[in-house]
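> fold the following for me, if possible:
(4 chains)
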Number of protein chains: 2
Amino acid sequence: MSKSRRLTSDHPTREKILHATKELLWERGFAAMSPRDVMDRSGAGQGSLYHHFSGKHDLACAALAEMAAEEKAAMAKIFDPRKEPLARIEDYLGRERDALRGCRLARLAGEAAMADAGFRLSIADYLDEIERRLLRALDEAKASGAIATAADARALAAMILAVVEGGFVLARVHWDPGRMTRALDGAREILRDLAANGL
Amino acid sequence: MSKSRRLTSDHPTREKILHATKELLWERGFAAMSPRDVMDRSGAGQGSLYHHFSGKHDLACAALAEMAAEEKAAMAKIFDPRKEPLARIEDYLGRERDALRGCRLARLAGEAAMADAGFRLSIADYLDEIERRLLRALDEAKASGAIATAADARALAAMILAVVEGGFVLARVHWDPGRMTRALDGAREILRDLAANGL
DNA sequence: GTCTATAGAAGGATAGAC
DNA sequence: GTCTATCCTTCTATAGAC
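Residues are numbered from 1 along each chain as shown, chains lettered A, B, ... in the order given. Next comes the predicted model:
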């Protein structure tokens, strides 16, 4: 307080290390990323790395927490409550994405480290926030009569999130962004069907 | 021909190595699996491993090809053309799965090795076959009037596949099979909506 | 806080005997 | 075909000087 601390510390070396780690986690994943890679990319020495972090696992968790915070901030804009509920969902589905790179956080779902709760935490928190925002939008859309369906809104919210995350998987497996686009189109068309019923 | 060769060779050691590799790829992924792990689990020596396969990459590709063939055989049963088209899709969505283990093939989507075309091949082939079977079922369902929708069947097929693969991602990230169930429920309820329109 | 030096273990692959 | 021995590199982390 008295010394005007920030949540993200002011240590420049620590920041550089975290920045490089965030990049490498997205590019290569956890198992395929080494502390040496982080040192090389950040320019920091081994001493700095192990001074600020207890090891590779701790480093990754810290980086994931920052990544989740950044992506959650982006979601707050996309799901701006001043927008129409269906427009929020459309904007989420239509968001610009680099499909081949995969979801910045959920791309790590296949890692063996996912069995560890600490590693999972930030990723789960991020996905949960999206799902909650989708649910709120769907509830509002149903309440206002913008969509009509017998389907449970919680199931629909989970489904929409799954389409996005699954779309990333399809794009990467086929190495073709169009595979994700097609899956997202399916979700968009379904929403249009529900909206038409609501007319 | 004359010596009654099979596609899967008769060499028992080679088979044991492949069997262990298939298990390890599912459990740990590619980057987190080592040739030594394969030797330990299969009981085969290093000489055998490098006699039958040129290296870790080659070994994984061979294992993936077998896994894809096995899973495609399972899909042939689930999508039996003698069933009603919607029943095929329901059976696909409702198939028994170990959600926390992830999709046996697409779980590797996040691997850095995915950028390699050879590594990707069998996984892409497997997912593509599912998508084609889903498309055929949807086309038949639309033709027979079992479902009614303005949505493009190709987009719907991609969406349903994405829900399943995305459902695996959600389950693993939250370490909760219920997360996948909920996403699948969404897809089921949407199909029910479309079927109701078709009545 | 940061650097360099050091270190045991594991990874990935080859060599050559049998 | 299979085994054991061997090899160099990379990984992950620690020690200790500055």
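> what sits against residue A:62?
A:18, A:21, A:53 (CB atoms under 8 Å, 6 or more residues apart in numbering or on different chains). Where C-beta positions appear, they are placed from N, C-alpha and C, glycine not excepted.
> how close does residue A:139 get to residue A:129?
Remark: distance between residue A:139 and residue A:129 (CB to CB, to the nearest Å) = 16 Å.
> and if you look at residue A:152?
Distance, residue A:152 to residue A:129, by CB to CB: 20 Å.
> repeat that for residue A:72.
From residue A:72 over to residue A:129 the distance is 6 Å, taken as CB to CB.
> what of residue A:168?
As judged by CB to CB, residue A:168 and residue A:129 stand 17 Å apart.
> who's in contact with residue A:165?
The neighbours of residue A:165, taking CB under 8 Å, 6+ apart as the test, are A:103, A:106, A:109, A:127, B:162, B:165-166, B:169-170.
> dihedrals phi and psi, residue A:127?
Here is the backbone geometry of residue A:127 (degrees, to the nearest 10): phi -60, psi -40.
> my read is that it contacts residue B:175, right?
No: using CB atoms under 8 Å, residue A:127 is not in contact with residue B:175, being 12.0 Å away.
> those two - which one has more neighbours?
Using other CB atoms under 10 Å in any protein chain shown as the criterion, residue A:127 and residue B:175 rank with residue A:127 on top: 26 against 15.
> excluding chain neighbours, give the residue nearest to the more buried one in space.
Using CB to CB, 6 or more residues apart in numbering or on different chains and skipping the chain neighbours, the partner closest in space to residue A:127 is residue B:173 (5.7 Å).
> quick one, the host helix or strand of the one you found and helix A:153-174 angle?
Residue B:173 is part of helix B:153-174, with elements assigned from DSSP states H and E. Taking axes from the mean of the first three to the mean of the last three CA atoms, to 10 degrees, helix B:153-174 and helix A:153-174 form an angle of 100 degrees between their directions.
> please see if the helix or strand following helix B:153-174 touches chain A.
With elements assigned by DSSP H and E, the helix or strand that comes after helix B:153-174 is helix B:177-198. Yes: counting by CB under 8 Å from any CB of the partner chain, chain A has neighbours in helix B:177-198: B:179-180, B:182-187, B:189-190, B:192-194, B:196-197.
> ok, and does the helix or strand where residue A:67 lies reach over to DNA strand D?
Here residue A:67, judged by DSSP H and E, is contained in helix A:56-78. Yes: contact of helix A:56-78 with DNA strand D (CB under 7 Å from any atom of the strand) involves A:56-57.
> what does chain A put close to DNA strand C?
Counting by CB under 7 Å from any atom of the strand, the positions of chain A adjacent to DNA strand C are A:11-14, A:44-48, A:50-52.
> let's see the PyMOL selection covering just the buried ones among the residues you listed.
Restricted to buried positions by 16 or more other CB atoms under 10 Å in any protein chain shown, the PyMOL selection for the residues of chain A next to DNA strand C reads:
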select buried, chain A and resi 13+14+44+48+52
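> got phi/psi on residue A:98?
Here is the backbone geometry of residue A:98 (degrees, to the nearest 10): phi -100, psi 90.
> neighbour count: residue A:168 and residue A:129, which is higher?
Shown here are residue A:168 and residue A:129; by other CB under 10 Å, residue A:168 has more neighbours (30 against 16).
> residue contacts, that one?
Residue A:168 makes contact with A:97, A:99, A:102-103, A:106-107, A:180, B:109, according to CB under 8 Å, 6+ apart.
> how close does the closest residue in space to residue A:138 that isn't next to it in sequence sit to residue A:159?
Setting aside the residues directly before and after it, residue A:138 is nearest to residue A:153 in space (CB to CB, 6+ apart), at 4.2 Å. The span separating residue A:153 from residue A:159 equals 10 Å under the rule CB to CB.
> more neighbours, those two?
residue A:159 (30 against 20).
> isn't the more buried one up against residue B:187?
Yes: if you go by CB under 8 Å, residue A:159 and residue B:187 touch, sitting 5.6 Å apart.
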